[in-house]
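In: Next come a sequence and a model predicted from it.
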Amino acid sequence: MKKLPSVVCLLIFCLLYPGNFGAVLAADSSQSTNLSDSPDLSQRILDCGQKSIELNQALQKCVSDLLKAADSYDVENYRKLDDRQAELYEQLDANYLESCMYLEAQLKTLTEHDENWQKAQAALDDMRQVTARSMRRSKMYSDKSSAIFYLCFGMPVESSHYARLSLNLAETGVEDQDKIPEIAYYAGSASLWSGDYSSAEEQLKRALSINPANHFASYSLADLYMAQGQSAKAIDVLVAARKLAPDNEMRGNLDRSLALAYTLTKQRDLARQSIASARRELADESKKQFAAVSQESAGIVAALSGDYEGAERKLSEALPRLQLSPINLGNRLEAAQASLWRSYCKGKLGDKIGAAEDRRYALTVSDEAVHISRLARILDPIFGYKEVLPPMGQIRDRWAVVVGLGNFADPKVPKLRYPTKDAQDVQKFLVDTAGFKADHIRLLLDEKATRSAICDSLTGQWLPGVVKPGDLVFFFVSSHGTPNYKELGALNSLVTYDTQVDHLFSTSLPMQSIVRMMRTRLKKQHCFVVLDTCYSGGLGAPGEEAKSSANADPELLVISHHQLLVSSSDSKERSWESRRYQNSVFTRQMLDTIAAHPRFEDFRSIFTQIADRVCQEVTADFNNKQTPRLAGLWSGKGLIESNRNGGHL
């Protein structure tokens, strides 16, 4: 009986046990060099093993540095390191998937010569399962940590992004189902603070359906209902949660919210009872698990009772602890909330300057944490505050990067018929209908649309040098994409002109990376992203995912309050090129629908029509399904220039 090919054994070992790779490589090098079937392929497999070691070492250092940045509340450094961590995971994904490609190719060359091929295939399958599970779990915990830290930093949209990624990974792994309630809570809490109440309600209810004793989920859900003017529903949630509360600390925090809910519904007697209960429970001398939050609750209860001096004192004691680093349970959003409550107390005590300073501090996070503004709107009438909150700024100027790729440098990449025309039609629409200036649009077609050219246009020398805060950036791309490897948590990538099929994942451009780069380099811009892509089975990607069409899931890409992301089809569907005209179905229907409704207030209102028209055409002409997807908190308002063709901001 022959042995497994040494190069296969070597990669399986180094991927599963990367720390021992160097010794194994040295011990086995003499055997691996004797392979005669495909020496170049064998070397690629060995290179993947070595790269795996280097990337894992870099990742370990990055994680250590991330924790140091969080502990010192160095938010900017944390964000840079977090971007670096995401890049390392993308490189690990690419390296792993390419190693699978090479191993599959290696095994194909052995089928006629090695009677033990089935054993080699089984070993490869085992390697995939174990390695993918390890990588997926690592990313799940990493994304969960980022979700928690960004929430504490006062960046709930980014927190929601990472919570969704972590939740997606937990849902995929059978062994991680018990992590879902906690991650769903963080996803719901982040969505609450960001003002995405629909998603918040869905995730918080999900967390509670699995674990009814998650009292912070009940607390957040009640806050959501009060912000929406549904205080009666908040009362029901809080009363049910209070019955399950394990101690006075939790009962006191829940009674604090009940006191506010009863105040909003003008049930004064019940409000007084909740205030009295909360005071008694929060005064309990037992050691508190969340001392700063409980102190904040005591201040809020005092404010609702009219004890403004006592409330100001308690909130002032709570604020420094709420502003600690996340490692020490600090939370900038809770600090902003406490500051808002203290502003009302200072106002009642005649300290107008202090009240204004506290209110200003509280609202500094409201650009991303919209919930703070909505909380102010429901509290202002209680305390007789009449200042009007400032409106959101208007779109000042518009810029676009438009990419169309139908031909590729690598002849192994299947050609597409209409992406270049799609891109040209989008450019014409932006100038003729939407009011974009011609020199504000960068058109990248075929050989011009390399990976580096796309990155440079979006985040390199061009856009970052010309756009200003409040501008709109429109990014459109029509091309191939890679599969979405859900088991691995590896998101789709864009196939650029210089993508090589033999190095598919390392030479394509991750869509998550595109959105992350735009967030990093275009911090105060509104970004409207349209991805008319889907996976082509002709790219030779490995695994079961490569046997079906797949598109980007925009829900997993949104990372800023000012982003709107559109995908031409669902993440499990193909995007079709039309039989009726020389365009993709989605691009043509999108342009026609927007042109017919230039005065739209919210892109969602016309997106439904776009999706219906796409679905009808694909069903009629191909007897298939194509379901466009949309995600993001921004309305998309401002794509059409003010007063152009009847449009307005």
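Out: Yep, it's here.
In: C-alpha coordinates for stretch 518-533, PDB please?
Out: Extracted C-alpha coordinates of stretch 518-533, given in PDB (Å, rounded to 0.1, in the frame of the first residue of the first chain):
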ATOM      1  CA  MET A 518     -14.200  53.600   2.200                       C
ATOM      2  CA  ARG A 519     -15.200  53.900   5.800                       C
ATOM      3  CA  THR A 520     -11.600  54.500   6.800                       C
ATOM      4  CA  ARG A 521     -10.600  57.000   4.200                       C
ATOM      5  CA  LEU A 522     -14.000  58.600   3.400                       C
ATOM      6  CA  LYS A 523     -15.100  59.200   7.000                       C
ATOM      7  CA  LYS A 524     -17.800  61.800   6.600                       C
ATOM      8  CA  GLN A 525     -19.100  61.000   3.200                       C
ATOM      9  CA  HIS A 526     -22.400  59.300   2.300                       C
ATOM     10  CA  CYS A 527     -21.600  56.200   0.300                       C
ATOM     11  CA  PHE A 528     -24.000  54.500  -2.100                       C
ATOM     12  CA  VAL A 529     -22.600  51.200  -3.200                       C
ATOM     13  CA  VAL A 530     -24.100  49.000  -6.000                       C
ATOM     14  CA  LEU A 531     -22.700  45.500  -6.600                       C
ATOM     15  CA  ASP A 532     -24.000  43.900  -9.800                       C
ATOM     16  CA  THR A 533     -21.900  40.700  -9.400                       C
END
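In: Identify each buried residue in that stretch, please.
Out: By neighbour count on 16 or more other CB atoms under 10 Å, the buried set for stretch 518-533 is 518-519, 522, 525-533. Bear in mind the C-beta positions are built from the backbone N, C-alpha and C, glycine included.
In: Which members of the residues you listed are positioned in helices?
Out: Using DSSP state H, the subset of those located in helices is 518-519.
In: In strands only, show me the buried residues of stretch 518-533.
Out: 526-533 (DSSP state E).
In: Among those residues, find me the one that's closest to Phe436.
Out: Phe528 (11.7 Å; CB to CB).
In: quick one, what contacts the closest one?
Out: Counting by CB atoms under 8 Å, 6 or more residues apart in numbering, Phe528 touches 472-475, 563-564, 566, 603, 634, 636, 639.
In: just checking, next helix/strand downstream of the host helix or strand of Thr619?
Out: Using DSSP states H and E, Thr619 sits in helix 603-622. As assigned by DSSP H and E, the chain's next helix or strand after helix 603-622 is strand 629-632.
In: Sheet partners, orientation included, of that next one?
Out: Strand 629-632 pairs in its sheet with strand 563-567 (antiparallel), by DSSP bridges.
In: related to what we said a few turns ago, max pairwise distance over the ones in strands among the buried residues of stretch 518-533: which two?
Out: Most distant of these, by CB to CB, are His526 and Thr533, 22.0 Å apart.
In: per-residue confidence for Glu573?
Out: Listed pLDDT for Glu573 reads 85.
In: For it, which residues are in contact?
Out: Listed by CB under 8 Å, 6+ apart, the contact partners of Glu573 are 534, 549-551, 625-627.
In: still on that earlier bit, go ahead and build a ChimeraX selection from the buried members of the contacts of Phe528.
Out: To isolate the buried subset of these in ChimeraX, counting by 16+ other CB under 10 Å, use the following:
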select :472,473,474,475,563,564,566,603,634,636,639
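In: one step back: could you dump the contacts of Glu573 to a markdown table with neighbour count and distance to Ile378?
Out: Formatted as a markdown table, those follow (neighbours: other CB atoms under 10 Å; distance: CB to CB, whole Å):
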| residue | neighbour count | distance to Ile378 |
| --- | --- | --- |
| Cys534 | 27 | 44 |
| Ser549 | 20 | 46 |
| Ala550 | 27 | 43 |
| Asn551 | 28 | 40 |
| Lys625 | 15 | 43 |
| Gln626 | 25 | 42 |
| Thr627 | 16 | 37 |
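In: want to throw those residues into TSV with distance to Leu445 and pLDDT?
Out: Putting the contacts of Glu573 into TSV (distance: CB to CB, whole Å; pLDDT from 0 to 100) gives the following:
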residue	distance to Leu445	pLDDT
Cys534	19	88
Ser549	24	79
Ala550	25	81
Asn551	22	85
Lys625	30	93
Gln626	24	93
Thr627	28	94
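In: could you say which helix or strand contains the spatially closest residue to Asp65 that is not a sequence neighbour?
Out: Leaving aside its chain neighbours, Asp65 sits nearest to Leu81 (5.3 Å; criterion: CB to CB, 6 or more residues apart in numbering). For Leu81, the host element (DSSP H and E) is helix 75-110.
In: Tell me who's in contact with the nearest residue to Phe429 once chain neighbours are set aside.
Out: Closest residue to Phe429 apart from its sequence neighbours, by CB to CB, 6+ apart: Leu591 at 5.0 Å. Taking CB under 8 Å, 6+ apart, we find Leu591 in contact with 425-426, 429.
In: now those: which count as buried?
Out: Among the contacts of Leu591, those scoring as buried are 425-426, 429 (criterion: 16+ other CB under 10 Å).
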